[in-house]
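> Need coordinates for the below:
(2 chains)
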Amino acid sequence: GAGVSQSPSNKVTEKGKDVELRCDPISGHTALYWYRQRLGQGLEFLIYFQGNSAPDKSGLPSDRFSAERTGGSVSTLTIQRTQQEDSAVYLCASSLAHGQGNQPQHFGDGTRLSIL
Amino acid sequence: AQSVAQPEDQVNVAEGNPLTVKCTYSVSGNPYLFWYVQYPNRGLQFLLKYITGDNLVKGSYGFEAEFNKSQTSFHLKKPSALVSDSALYFCAVRDDSNYQLIWGAGTKLIIKP
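Numbers count the residues shown, from 1 in each chain, chains lettered A, B, ... in the order given. Alright, predicted model coming up:
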């Protein structure tokens, strides 16, 4: 597709359940980012993938959060044993090679996660 | 510490008037600066960036930003605001240590007809 695609667009689940969020980046983009955006707030970096390198997981808030990127393309963010404070919009972005950090990021429309 | 600040939570401008959304930064090296816009229930869209060169950078939708090294600012501007410019605007600066982006908290721009 032309842009970054995220699914589902909305997810409502009960506290304690596991959720998986999917991101399909722009074809040819080797860098992929996950962010969390709480209501009315800015972006909180979660994790970053660049090609086949080990991901930068420095932003993951707890060990309940994990992400993988298969084949250098599609990425899945998994949240285990969800808590109410996990409620947020989860945004995925991709860019050309991370390089010197001068490439703009292209964002999907996010997954709005609501934990009951 | 490296940081970026957007001192205004909200900016209100009448349609047709010029608009400015402020951003200041603090980095140890040469700054790489970005502006993004977020419309309701959408992801962020890239507007413009400053890496090097002319201090006045032109971007999408008629927006421009002025890099001011002495004031460590990168304010977003537009000569004549449109109601459709109403959105959330984010400034970001590159973190010198890992080349990730450090994001401002966002400024809500409201353009009134």
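
> Apart from its chain neighbours, what residue comes closest to residue B:105?
Excluding its sequence neighbours, the residue lying closest to residue B:105 (C-beta to C-beta, 6 or more residues apart in numbering or on different chains) is residue A:42, at 4.3 Å. Yep, even glycine has a C-beta here, placed from its N, CA and C like the rest.

> tell me, how many neighbours does that neighbour end up with?
Burial of residue A:42 is recorded as 19 neighbouring residues (other C-beta atoms under 10 Å in any protein chain shown).

> Over to residue A:67?
Neighbour count for residue A:67, taken as other C-beta under 10 Å: 22.

> Paired strands for the strand or helix carrying residue B:89, with orientation please.
Using DSSP states H and E, residue B:89 sits in strand B:87-94. Applying DSSP bridges to the sheet, strand B:87-94 is found paired with strand B:33-38 (antiparallel), strand B:101-103 (antiparallel), strand B:107-112 (antiparallel).

> Could you list the low-pLDDT ranges of chain A?
By pLDDT under 70, the low-scoring segments of chain A are A:1, A:98-99.

> Tell me which residue lies nearest the centroid of it.
residue A:34 (2.9 Å; C-alpha atoms, centre = their mean).

> which parts of chain B sit against chain A?
Within chain B, the positions near chain A by C-beta under 8 Å from any C-beta of the partner chain are B:32, B:34, B:36, B:41-46, B:49, B:51, B:90, B:94-95, B:98-101, B:103-106.

> Can you tell me which of those are buried?
Buried subset of the residues of chain B next to chain A (neighbour count, 16 or more other C-beta atoms under 10 Å in any protein chain shown): B:32, B:34, B:36, B:43-46, B:49, B:90, B:94-95, B:99-101, B:103-106.

> just to revisit the earlier point, quick check: which of the strands paired with strand B:87-94 is buried the most?
With neighbours defined as mean count of other C-beta atoms under 10 Å in any protein chain shown, the strands paired with strand B:87-94 peak in mean count at strand B:33-38, which reaches a mean of 24.

> Helix or strand next in line after it, which one?
Next element after strand B:33-38 (DSSP H and E): strand B:44-50.

> Okay, now the sheet partners of that next one, with direction.
strand B:33-38 (antiparallel).

> and the strand it pairs with, what's its mean pLDDT?
The pLDDT scores in strand B:33-38 average 96.

> what sits up against that strand?
A:104, A:107, B:23, B:25, B:44-50, B:59, B:61, B:63, B:65, B:67, B:74, B:76, B:87-94, B:101, B:106 (C-beta atoms under 8 Å, 6 or more residues apart in numbering or on different chains).

> Dump the C-alpha coordinates for it into CSV.
Listed next in CSV are the C-alpha coordinates belonging to strand B:33-38 (Å, rounded to 0.1, in the frame of the first residue of the first chain):
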residue,chain,number,x,y,z
LEU,B,33,14.5,19.7,13.7
PHE,B,34,11.1,18.5,12.5
TRP,B,35,7.5,19.6,12.5
TYR,B,36,4.6,17.2,12.2
VAL,B,37,0.8,17.8,12.2
GLN,B,38,-1.9,15.4,13.6
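
> which residues does residue B:92 contact?
With C-beta under 8 Å, 6+ apart, residue B:92 has these contacts: B:4, B:33, B:34, B:35, B:36, B:101, B:102, B:103, B:104.

> Pull the contacting residues for residue B:41.
Residue B:41 touches A:109, A:112, counting by C-beta under 8 Å, 6+ apart.
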